[in-house]
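Asks: Please find the sequence and the predicted model below.
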Amino acid sequence: MTLSPTLITQFASIVGDKYALTDPAAMASHLHEPRDLYHGRSPLVLKPGSTAEVAAILKLANETRTVIVPQGGNTGLVGGQTADQFGEEVILSLSRLNRIREFDLDGNCVVVEAGVVLETLARAAAEHDRLFPLWLASAGSCQIGGNLASNAGGTQVLAYGNMRELCLGLEVALPDGQVLNGLSRLKKDNTGYDLRDLFIGSEGTLGIITAAVLKLFPQPKGRAVAWAAVESAQQALALLGQARAGGNLTGFELVAHIGMAFTVEYMPGSRMPLETIAPWYVLAEFSSSRSQEDASGTMTSVLEAAFKAGTILDAAIASNKAQEDAFWALRENMSDAQKHAGGSIKHDISLPVASIPAFIGKAAAAVNAMIPGVRLVTFGHLGDGNLHYNVTQPVGMDKAAFLARWGEMNHLVHGIVHEFNGSISAEHGIGRLKRAELTHYKQPLALDLMRRIKAVFDPNGIMNPGKLI
Ligand SMILES: Cc1cc2nc3c(=O)[nH]c(=O)nc-3n(C[C@H](O)[C@H](O)[C@H](O)COP(=O)(O)OP(=O)(O)OC[C@H]3O[C@@H](n4cnc5c(N)ncnc54)[C@H](O)[C@@H]3O)c2cc1C
């Protein structure tokens, strides 16, 4: 259905003309996503300022069968937040729902609106001597609602869990305009089906998250960060076991040498922390709620034992905050660095941790057999079994010809992931990018149940169609 001028005026009257964008220049930043894989068209971007306005928009949309695409910080990597190419879907941006409603320090939780930027919440929590532990390289732009809708992961999942585990309660505007008030602060509430969990990871297909109650943790009193060189993924896994046993482990990232080489070559100011060149590196972070000595002491004894056992070849310890940040920046800049090395076909996968070395071996052989000379920029959150298995084009190959094989390559890699009982989406979600792939690997019964749940919440199919299921 084409959006008539009358309907545009009706939607605009809910939020006020200033917050109903129809001018192409004003809408431009809402129409494409970070990887530039999807470019949408839309007649209208709405920016409501309250839960009541979100609910009123949905009610009108439901009555008029207008499709709504929820959008947070627009940093999603699977195209879930972009409108399609037909120009009839309305984008609903949550950016004005940006209030932190309340810090509950006794309850160790915070009530926050969906449009609060993740980094803003992390800073506000620190001002209250608390930690909100979710951290992604996109923290300066992504929003709490988007983090919840995509069940974001990031670098601290090992210690604190992903967004699902950090959420106590949700307020959600439903497609028919009703508001589900589930802003519970309870850790224990066994009163039936957990509706909250249905919305976390639902990628805007069931309703719009307008606010949430999120858990807080003690602010660490000490942090220690090391960069270690290891011979193989198997050795990295052994180090993970040793580091876990030592306690205080809050981050454990695996990085292939070629990813580092790209970062040092293409990202100004980057340098290798070690002179030792190894096939793989590990970035490990230890935090202590007691003291700096506790964090540093744990890390030093883990590294010393690992060196004696032959698990690591070498290690550098960050001696101050600037160096800690520089080590993390090497890891976080890896995706950007890759862009300068040509086209890359990406996979965000998870595997049972113990099978990661075997997966890496099998996938490398298969991918190289498909396109000889590809460069495997494998990195990720090893502690969570989550790899970003990024395949960069061979030197000299035509970029477009390489990227044209995206689907074929995904299918090959996902097939191997499936053999190892892994998941084709660890933390980015399904969106538009992996919708077809999902049908190959999800149990048909599970897909059927998901479709039936969708029909209960959104019988008219106005919420983000064409995404996820
Ligand atoms: C540099 C970079 C690094 C990243 N690193 C990580 C990482 O380490 N871990 C990780 O998990 N992700 C990562 N991402 C992906 C992305 O940042 C996360 O998926 C993030 O949670 C998306 O939040 P957002 O606010 O940008 O949501 P958007 O991109 O705007 O939307 C994501 C999905 O959620 C839906 N949605 C948004 N807001 C709402 C709402 N209020 N209610 C209902 N549905 C909604 C959208 O429709 C869409 O389907 C990274 C992205 C970039 C660009």
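Replies: Thanks, I have it.
Asks: Any idea how many residues pack against the nearest residue to Ser350 once chain neighbours are set aside?
Replies: Excluding its sequence neighbours, the residue lying closest to Ser350 (C-beta to C-beta, 6 or more residues apart in numbering) is Ala426, at 3.6 Å. Yep, even glycine has a C-beta here, placed from its N, CA and C like the rest. Residues contacting Ala426 under the criterion other C-beta atoms under 10 Å number 23.
Asks: ok, Ala426 to Ile349 distance?
Replies: From Ala426 across to Ile349, the span is 6 Å (C-beta to C-beta, to the nearest Å).
Asks: Mind listing the shared neighbours of those two?
Replies: By C-beta atoms under 8 Å, 6 or more residues apart in numbering, Ala426 and Ile349 have these common neighbours: Asn386, Leu387.
Asks: and the residue nearest to Ser350, how far is that from Tyr389?
Replies: According to C-beta to C-beta, Ala426 stands 10 Å off from Tyr389.
Asks: Now for these two: what residues contact both?
Replies: Common neighbours of Ala426 and Tyr389, counting by C-beta under 8 Å, 6+ apart, are Asp348, Ile349, Gly380.
Asks: so the first one touches Asn386, yeah?
Replies: Yes - counting by C-beta atoms under 8 Å, Asn386 is a contact partner of Asp348 at 7.4 Å.
Asks: Touching both of the two, which residues are there?
Replies: Both Asp348 and Asn386 are contacted by Ala426, Glu427, under the criterion C-beta under 8 Å, 6+ apart.
Asks: So which of these two has more stuff around it?
Replies: The residue with more neighbours, out of Asp348 and Asn386, is Asn386; 26 against 22, by other C-beta under 10 Å.
Asks: Quick check: closest non-adjacent residue to that one.
Replies: In this structure, Asn386 finds its nearest non-sequential neighbour in Ala426, 4.1 Å apart by C-beta to C-beta, 6+ apart.
Asks: And for Arg164?
Replies: Ile200 (4.7 Å).
Asks: Considering the shared contacts of Ala426 and Tyr389, which is situated nearest to Phe252?
Replies: Closest approach to Phe252 among these (C-beta to C-beta): Gly380, at 10.1 Å.
Asks: Wasn't that closest one part of a strand?
Replies: Yes - the assignment for Gly380 is a strand, going by DSSP: H, G, I helix; E, B strand; the rest coil.
Asks: Show the secondary-structure elements that the helix-or-strand element of the chain with minimal mean pLDDT is packed against.
Replies: Least confident helix or strand of the chain, by mean pLDDT, DSSP states H and E, is helix 334-339 with a mean of 90. Counting contacts by 3 or more C-beta pairs under 8 Å, 6 or more residues apart in numbering; DSSP states H and E, helix 334-339 is packed against helix 257-266, strand 375-381, strand 386-392.
Asks: With respect to the ligand, which of those lies nearest?
Replies: Among these, the nearest to the ligand by C-beta to the nearest ligand atom is strand 375-381 (7.5 Å).
Asks: could you pull out the strands for the stretch 251-400 of the chain?
Replies: For the stretch 251-400 of the chain, applying DSSP state E, counting those that start in this stretch gives strands covering 280-288, 314-317, 344-345, 348-350, 375-381, 386-392.
Asks: Can you pull out the residues in contact with the second one?
Replies: Read it as strand 314-317. Strand 314-317 is contacted from outside by 224-229, 273-276, 278, 299-300, 303, 306-307, 327, using C-beta under 8 Å, 6+ apart.
Asks: ok now the least confident helix or strand of the chain, how far from the chain's centre?
Replies: 16 Å (C-alpha atoms, centre = their mean, to the nearest Å).
Asks: Quick check: the gap between Glu437 and the ligand.
Replies: To the ligand, Glu437 is 16 Å away according to C-beta to the nearest ligand atom, to the nearest Å.
Asks: on that earlier part again, return the residues in contact with the residue nearest to Asn386.
Replies: When contacts are counted by C-beta under 8 Å, 6+ apart, Ala426 touches Gly153, Asp348, Ile349, Ser350, Gly380, Asp384, Gly385, Asn386, Leu387.
Asks: Now with 10 Å, please.
Replies: 153, 157, 162, 347-351, 380-381, 384-388, 417 (C-beta atoms under 10 Å, 6 or more residues apart in numbering).
Asks: Now for Gly207, how many residues are close by?
Replies: By other C-beta under 10 Å, 27 other residues sit near Gly207.
Asks: That one reaches Pro175, doesn't it?
Replies: Yes - applying C-beta atoms under 10 Å, one finds Gly207 in contact with Pro175, separated by 6.2 Å.
Asks: Now tabulate the shared contacts of Ala426 and Tyr389 in TSV and tack on distance to Gly107 and pLDDT.
Replies: Listed next are the shared contacts of Ala426 and Tyr389 as TSV, based on distance: C-beta to C-beta, whole Å; pLDDT from 0 to 100:
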residue	distance to Gly107	pLDDT
Asp348	33	95
Ile349	36	97
Gly380	33	92
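Asks: With respect to Arg196, which of these is nearest?
Replies: Using C-beta to C-beta, Asp348 comes nearest to Arg196 of those, at 23.9 Å.
Asks: What distance do you get for the spatially closest residue to the closest one that is not a sequence neighbour to Phe307?
Replies: With C-beta to C-beta, 6+ apart as the criterion, Asp348 has its nearest non-adjacent residue at 4.5 Å, and that residue is His428. Using C-beta to C-beta, His428 is found at 35 Å from Phe307.
Asks: who's more crowded, those two?
Replies: His428 (20 against 14).
Asks: follow-up on the earlier one: what residues are shared contacts of Gly207 and Pro175?
Replies: Each of Leu58, Phe457, Asp458, Met463 lies in contact with both Gly207 and Pro175 under the rule C-beta under 10 Å, 6+ apart.
Asks: Leu445 belongs to a helix?
Replies: Yes - per three-state DSSP, Leu445 lies within a helix segment.
Asks: Could you count how many residues lie near it?
Replies: Using other C-beta under 10 Å, Leu445 has 8 other residues around it.
Asks: For it, give its distance to the ligand.
Replies: Leu445 is 24 Å from the ligand, where distance means C-beta to the nearest ligand atom.
Asks: and if you look at Asp84?
Replies: Going from Asp84 to the ligand by C-beta to the nearest ligand atom gives 13 Å.
Asks: give me every residue that touches that residue.
Replies: Residues counted as contacts of Asp84 (C-beta under 10 Å, 6+ apart) are Tyr38, His39, Gly40, Arg41, Ser42, Val67, Val69, Arg432, Pro465, Gly466, Lys467.
Asks: Now narrow these to whatever sits close to the ligand.
Replies: Among these, proximity to the ligand is found for Val69, Lys467 (C-beta under 6 Å from any ligand atom).
Asks: For the ligand, tell me which of the contacts of Ala426 show up nearby.
Replies: Filtering the contacts of Ala426 for proximity to the ligand by C-beta under 6 Å from any ligand atom leaves Gly153.
Asks: Need the CA coordinates for stretch 68-81. PDB is fine.
Replies: Output of stretch 68-81 as PDB, limited to C-alpha atoms (Å, rounded to 0.1, in the frame of the first residue of the first chain):
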ATOM      1  CA  ILE A  68       7.000  -0.200  10.500                       C
ATOM      2  CA  VAL A  69      10.700  -0.700  10.600                       C
ATOM      3  CA  PRO A  70      12.100   0.000  14.100                       C
ATOM      4  CA  GLN A  71      15.500   1.600  14.100                       C
ATOM      5  CA  GLY A  72      17.900   2.300  17.000                       C
ATOM      6  CA  GLY A  73      21.500   3.400  16.400                       C
ATOM      7  CA  ASN A  74      21.500   1.900  12.900                       C
ATOM      8  CA  THR A  75      24.600  -0.100  13.600                       C
ATOM      9  CA  GLY A  76      23.100  -3.600  13.000                       C
ATOM     10  CA  LEU A  77      25.100  -5.800  10.600                       C
ATOM     11  CA  VAL A  78      22.400  -7.900   9.100                       C
ATOM     12  CA  GLY A  79      20.100  -5.300   7.500                       C
ATOM     13  CA  GLY A  80      17.300  -5.600  10.100                       C
ATOM     14  CA  GLN A  81      16.900  -1.900  10.600                       C
END
